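S.K.: Kindly generate the corresponding structure for this input.
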Amino acid sequence: MLSLTHETILSVLRAVATQHGKAKHTEMLPSAGTPERTGLINAVSHLFGARSVALPDTSITLGEWAQALIDHTDIEYLNLHDTTSSAFCDRLQRCYRHTAATLNQEAKALQAMLALPEAQERRLISWLSLQSVSGFVLGALLPQEAGWQARSLFDNANALWELTTGDVIATDSQRWRQLAARLPALPDGITAITTTPLDAATRQTLEQKGVADIVELYSEPALGVIAARRSPDAPFELLTHWHPTESHNYLLRLAPGSAMQEVKLAEPLEWVGARSFERSGAGSLWPGCASIQASSQSSRRYPAGSAHNVSAA
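M.R.: A predicted model of the protein is given here:
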């Protein structure tokens, strides 16, 4: 099950309500029995993977819905989207199911990869849709797992001018290009996470503004974050729960509590080390078509150090 705090669920509900046309900066729900209320119920039910969620007709605020989901809904998976982003909104594209176990696993792997020193207080400021897998994990689940404060630029436009030492900012390359030109001089120890490749000029501007660490993620919307790198000249390194095969088109995922699962990639990888690769060609970092395909082929050969039938701890 996916264990989410009241504040995490509330932030996701705000994102859903905004996406479905509800005015921003209000916690009030549409009136019971209206088409707006029914549409919002359907959207929330779909996101949280439940045909019928306990969202009482008597509720009048998003906060009451958040508490009802905590009290009465077992979250086994989320339906998260690929998105196309603009400056102020994200258009939801194809939907993919992500289990609670894999989402938790990804958040833990990202926290380990970032390896940030313990801080009395750290914030993660996200400019990503919480209805996408990258946005949900980076903007909601990772901060919850790490004990950081989560803030969204969709709701808190002034957050960039309130940064403190050690904060983390996560968005895509298009929005980083906009932010780079507007960011003030930054405090020490700021980490920038980008979900798509930065151009050289944007990277240079961020470094000049004082960004201490730039982390580029390699992801697929059906699979989540697969790998990361800290330099454009370095290869991507697989996160801890991903393992290579001898194929350029398949990876192994060590799923919690089950055997290692083989999955097909939307785009092939070019292996340059035991766990490192370069992108193959100049395709999109977020391929539009990707599906998890568990293979029953036991004859596939795997490189030294990987195992096909190892159970996760």
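S.K.: measure Glu145 to Leu40 for me?
M.R.: The spacing between Glu145 and Leu40, counted by C-beta to C-beta, to the nearest Å, is 28 Å. To be clear about C-beta, it is placed using only N, CA and C from the backbone, and glycine gets the same treatment.
S.K.: ok, now His248?
M.R.: 43 Å.
S.K.: Please give the number of neighbouring residues around Glu36.
M.R.: When neighbours are counted by other C-beta atoms under 10 Å, Glu36 registers 15.
S.K.: what secondary structure does the closest residue to it other than its chain neighbours sit in?
M.R.: In space, and not counting its chain neighbours, Glu36 is closest to Pro30: 3.7 Å by C-beta to C-beta, 6 or more residues apart in numbering. Recorded secondary structure, Pro30: coil (DSSP: H, G, I helix; E, B strand; the rest coil).
S.K.: Then Leu251?
M.R.: Under three-state DSSP, Leu251 comes out as strand.
S.K.: The helix or strand containing Thr8: which residues count as buried?
M.R.: Element membership of Thr8 [criterion: DSSP states H and E] is helix 6-19. Of the residues in helix 6-19, Thr8, Ile9, Leu10, Ser11, Val12, Leu13, Arg14, Ala15, Val16, Ala17, Thr18, Gln19 count as buried by neighbour count, 16 or more other C-beta atoms under 10 Å.
S.K.: same question, stretch 258-276
M.R.: Quick answer for stretch 258-276 (16+ other C-beta under 10 Å): Met260, Gln261, Glu262, Val263, Lys264, Leu265, Ala266, Glu267, Leu269, Trp271, Arg275, Ser276.
S.K.: Serialize these to JSON lines and add fields for pLDDT.
M.R.: Shown next, in JSON lines, are those (pLDDT from 0 to 100):
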{"residue": "Met260", "pLDDT": "90"}
{"residue": "Gln261", "pLDDT": "93"}
{"residue": "Glu262", "pLDDT": "95"}
{"residue": "Val263", "pLDDT": "96"}
{"residue": "Lys264", "pLDDT": "97"}
{"residue": "Leu265", "pLDDT": "97"}
{"residue": "Ala266", "pLDDT": "95"}
{"residue": "Glu267", "pLDDT": "94"}
{"residue": "Leu269", "pLDDT": "96"}
{"residue": "Trp271", "pLDDT": "96"}
{"residue": "Arg275", "pLDDT": "97"}
{"residue": "Ser276", "pLDDT": "98"}
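S.K.: quick one: secondary structure of Gln208?
M.R.: From three-state DSSP, the assignment for Gln208 is helix.
S.K.: now the helices: where do they sit in this structure?
M.R.: Assigned helices in the chain, in chain order: 6-19, 35-47, 62-72, 100-114, 133-136, 142-146, 173-182, 200-209 (criterion: DSSP state H).
S.K.: right, so those: which one is the most enclosed?
M.R.: helix 133-136 (a mean of 28; mean count of other C-beta atoms under 10 Å).
S.K.: and that one, what does it pack onto?
M.R.: strand 77-85, strand 90-99, strand 213-220, strand 224-229 (3 or more C-beta pairs under 8 Å, 6 or more residues apart in numbering; DSSP states H and E).
S.K.: try 7 Å this time
M.R.: If contacts are counted by 3 or more C-beta pairs under 7 Å, 6 or more residues apart in numbering; DSSP states H and E, helix 133-136 sits against strand 77-85.
S.K.: With mean pLDDT and distance to Gly224 added, can I get the helices of the chain in TSV?
M.R.: Output for these, formatted as TSV (pLDDT from 0 to 100; distance: least, C-beta to C-beta, whole Å):
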stretch	mean pLDDT	distance to Gly224
helix 6-19	94	16
helix 35-47	93	16
helix 62-72	93	22
helix 100-114	96	5
helix 133-136	96	5
helix 142-146	97	12
helix 173-182	94	18
helix 200-209	96	24
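S.K.: Redo those as TSV? Include distance to Glu237.
M.R.: Listed next are the helices of the chain as TSV, based on distance: least, C-beta to C-beta, whole Å:
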stretch	distance to Glu237
helix 6-19	28
helix 35-47	31
helix 62-72	36
helix 100-114	8
helix 133-136	18
helix 142-146	18
helix 173-182	20
helix 200-209	19
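S.K.: Asn156 is nearest to which of those helices?
M.R.: Asn156 lies closest, by C-beta to C-beta, to one member of these: helix 6-19, at 10.8 Å.
S.K.: now the angle between strand 90-99 and that closest one, please.
M.R.: Angle of helix 6-19 versus strand 90-99, following axes from the mean of the first three to the mean of the last three C-alpha atoms, to 10 degrees, is 140 degrees.
S.K.: Helix 6-19 vs helix 62-72, what angle?
M.R.: 120 degrees.
S.K.: Helix 6-19: how far from the chain's middle?
M.R.: Mean-position distance between helix 6-19 and its chain equals 15 Å (C-alpha atoms, centre = their mean, to the nearest Å).
S.K.: Please enumerate residues in contact with that helix?
M.R.: 24, 40, 43-44, 47, 62-63, 65-67, 69-70, 92, 129-131, 140, 144, 150, 152, 155 (C-beta atoms under 7 Å, 6 or more residues apart in numbering).
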